[in-house]
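*Asks:* I would like the atomic coordinates for the input below:
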Amino acid sequence: MYVCQMLAKRIVLIGIFIFSAARSQSFQSFFSLKEIETQYPFIQLQENKIITFRENTLTYFLERLHDVQFSQKQQVHIFHLGDSHIQADIFTGQVRRRFQEDEKFGISSRGFLFPYKLAQSNNPFTFNVAMRGVWQGFRCVKSTHFSRWGVAGVTALTYDLFATFTVNPNPQELLYPIHKIKIFYPVENPTSYVPEIYPEAGNRVINEQIGNGYIEFTLAKTQSRITVGLRKTNPIQNHFLLQGISLENYYAGVVYSASGANGAEYRHYIRCEDFSRNLQALEPHLVVISLGTNDGYMLNFDRQYFEANVRYIINKIRNQLPNISILLTTPGDNFRRYRYPNKNNAIISEVLYQVAQEMDCALWDFYKIMGGFRSVEKWYAYGLCTKDMLHLTAKGYTLQGNLFFEALRQAYLDYLKEKHEKQNVSQTSGN
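*Replies:* Alright, predicted model coming up:
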């Protein structure tokens, strides 16, 4: 138990370090594949691809991406789930940025997020959070914590009726106008306060409705940030438990949501009672799961137990969203306790290959792309990994984001090529 507690504290500290580094460091944020090959020859670029084992594994997602490009009227939603590598939102933030800069797609809204500051955890630099009142955080990764978690795996609880929080997803420039807000909480609990939106001056809420596990507000016009307060509609109401929020609009483009929990393993999300219904309300077209680092960190790694947890989470998603595309990513190479090479990640990669093949998921093998066993030493030597030999630096996560985007882009181009060839064959047959 003591070892687990020390590991959890170290993960939180590293998360804070990465967050601070992302704000302070200045480095090249975009690398072409040619530049990556030249500057980092140890990276296995030939492995940077999305692997599928069946023809239609990603069709649900890729068709929607096609609609976004050619109709300019649709949205495609990618939901990226993970651990501290995702909570920092540097890796995922770079993928979001690349979609934003791609003239074929662009970014629509900010999507789902959790204001980690309310839970006394490190908040990504990609959005700002301010709060008033007393809030207490609960994390699904802590065995001593008990809460009704949703897809974020983190909750924030307050008994203060006058507590508020403000989220600004546009800290530097207006990229994600907010027109509609979903606030996730246990709506059916009669003792819960009811959240409300405080619109900016000159704006107003024109619609409010209760959904399955959330309340949704629509504004008369877009604004750059939102402030949430609480109201008491029944004498027995005495608290509010936040599970997350979704910031939305009606513009066409890509919605790239990212939700990570420091120290998370696959098994931790099994504890999240409202995981499935939150995800169902968000209606993603692609779910990316980047877990496994913490599963394989301990010496007593159990392959069968790990595989069972992976299958459970995939089934949990598919039971609510049967048509959804799912993409698993393998964890990168790392050292255990700063100095012991970790062989478990190779085993985890094997398991994820097997599960992806049998359960019709796509796979992005970052372990192999990184260079495999002990490749983290080269990443550290080139300033891409922190001294814990576990987390990447801000520069490393940005590079990882570029690699992942390029793999997604190539999968889409391959889909377009195949679609065009099928259309040509069909036209030839018709003639």
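
*Asks:* switch to C-alpha atoms for all contacts and neighbour counts from now on
*Replies:* Noted.

*Asks:* Phi first, then psi, for Y305.
*Replies:* phi -60, psi -40 (degrees, to the nearest 10).

*Asks:* ok, so what distance separates it from D295?
*Replies:* Noted for Y305: a distance of 10 Å to D295, by Cα to Cα, to the nearest Å.

*Asks:* Of those two, give the one with the bigger neighbour count.
*Replies:* D295 (23 against 11; other Cα atoms under 10 Å).

*Asks:* element containing the more buried one?
*Replies:* Using DSSP states H and E, D295 is not contained in any helix or strand.

*Asks:* P284 too?
*Replies:* Assignment of secondary structure by DSSP H and E places P284 within no helix or strand.

*Asks:* Without its sequence neighbours, what residue ends up closest to it?
*Replies:* Spatial nearest neighbour of P284, chain neighbours left out: H77 (4.7 Å); criterion: Cα to Cα, 6 or more residues apart in numbering.

*Asks:* Just after the helix or strand encompassing that neighbour, pick out the following helix or strand.
*Replies:* Taking DSSP H and E as the criterion, H77 maps to strand 75-82. Once the chain leaves strand 75-82, the next helix or strand it forms, by DSSP H and E, is helix 84-87.

*Asks:* Just want the angle from the helix or strand just after that following helix to strand 75-82.
*Replies:* Remark: after helix 84-87, the chain's next helix or strand is helix 91-101, criterion DSSP H and E. Here helix 91-101 runs at an angle of 160 degrees relative to strand 75-82 (axes from the mean of the first three to the mean of the last three Cα atoms, to 10 degrees).

*Asks:* Mind listing residues that contact the next helix or strand after helix 91-101?
*Replies:* Counting by DSSP H and E, the next helix or strand C-terminal to helix 91-101 is strand 111-113. Contact with strand 111-113 is made by 152, 244-248, 255-259, 282, as judged by Cα atoms under 8 Å, 6 or more residues apart in numbering.

*Asks:* and with 10 Å instead?
*Replies:* Strand 111-113 has contacts (Cα atoms under 10 Å, 6 or more residues apart in numbering) with 77-80, 87, 127, 151-152, 167, 169, 176, 178, 181-184, 243-249, 254-260, 278-279, 282.

*Asks:* Partner strands of it and their direction?
*Replies:* Within its sheet, strand 111-113 is paired with strand 244-248 (antiparallel), according to DSSP bridges.

*Asks:* C-terminal to the partner strand, what's the next element?
*Replies:* strand 253-260.

*Asks:* Now that next one: buried residues?
*Replies:* By neighbour count with 16 or more other Cα atoms under 10 Å, strand 253-260 contains the buried residues 253-260.

*Asks:* Quick one: mean pLDDT for the longest helix along the chain?
*Replies:* Longest among the helix segments of the chain by residue count, using DSSP state H, is helix 394-430. The average pLDDT for helix 394-430 rounds to 90.

*Asks:* The chain should start at 195 in everything you say after this.
*Replies:* Shifting the count to begin at 195 puts that one at helix 588-624.

*Asks:* how about that helix: buried residues?
*Replies:* 588-602, 605-606, 609.

*Asks:* what do you get for stretch 253-261?
*Replies:* For stretch 253-261, a neighbour-count test (16+ other Cα under 10 Å) marks 253, 255-261 as buried.

*Asks:* what's the single longest strand in the chain?
*Replies:* Taking DSSP state E as the criterion, the chain has its longest strand at strand 408-417.

*Asks:* Parallel or antiparallel, which strands does it pair with?
*Replies:* With DSSP bridges as the test, strand 408-417 is paired with strand 372-378 (antiparallel), strand 399-405 (antiparallel).

*Asks:* That strand - what's its average pLDDT?
*Replies:* The average pLDDT for strand 408-417 rounds to 98.

*Asks:* Can you name the secondary structure element that comes next after it?
*Replies:* Later in the chain than strand 408-417, the nearest helix or strand by DSSP H and E is strand 420-425.

*Asks:* Show residues contacting that next one.
*Replies:* Contacts with strand 420-425, where a contact means Cα under 10 Å, 6+ apart, come from 323-326, 354-363, 372-375, 377, 386-394, 431, 433-434, 441.

*Asks:* Please state the offset of it from the chain centre?
*Replies:* Remark: strand 420-425 is offset 24 Å from the chain centroid, using Cα atoms, centre = their mean, to the nearest Å.

*Asks:* what comes up buried for that strand?
*Replies:* 420-424.

*Asks:* Which one of those is nearest to L557?
*Replies:* Nearest to L557 among these, counting by Cα to Cα, is I420 at 36.1 Å.

*Asks:* Need the residues touching each of Y499 and D489.
*Replies:* R461.

*Asks:* All good on my end, thank you.
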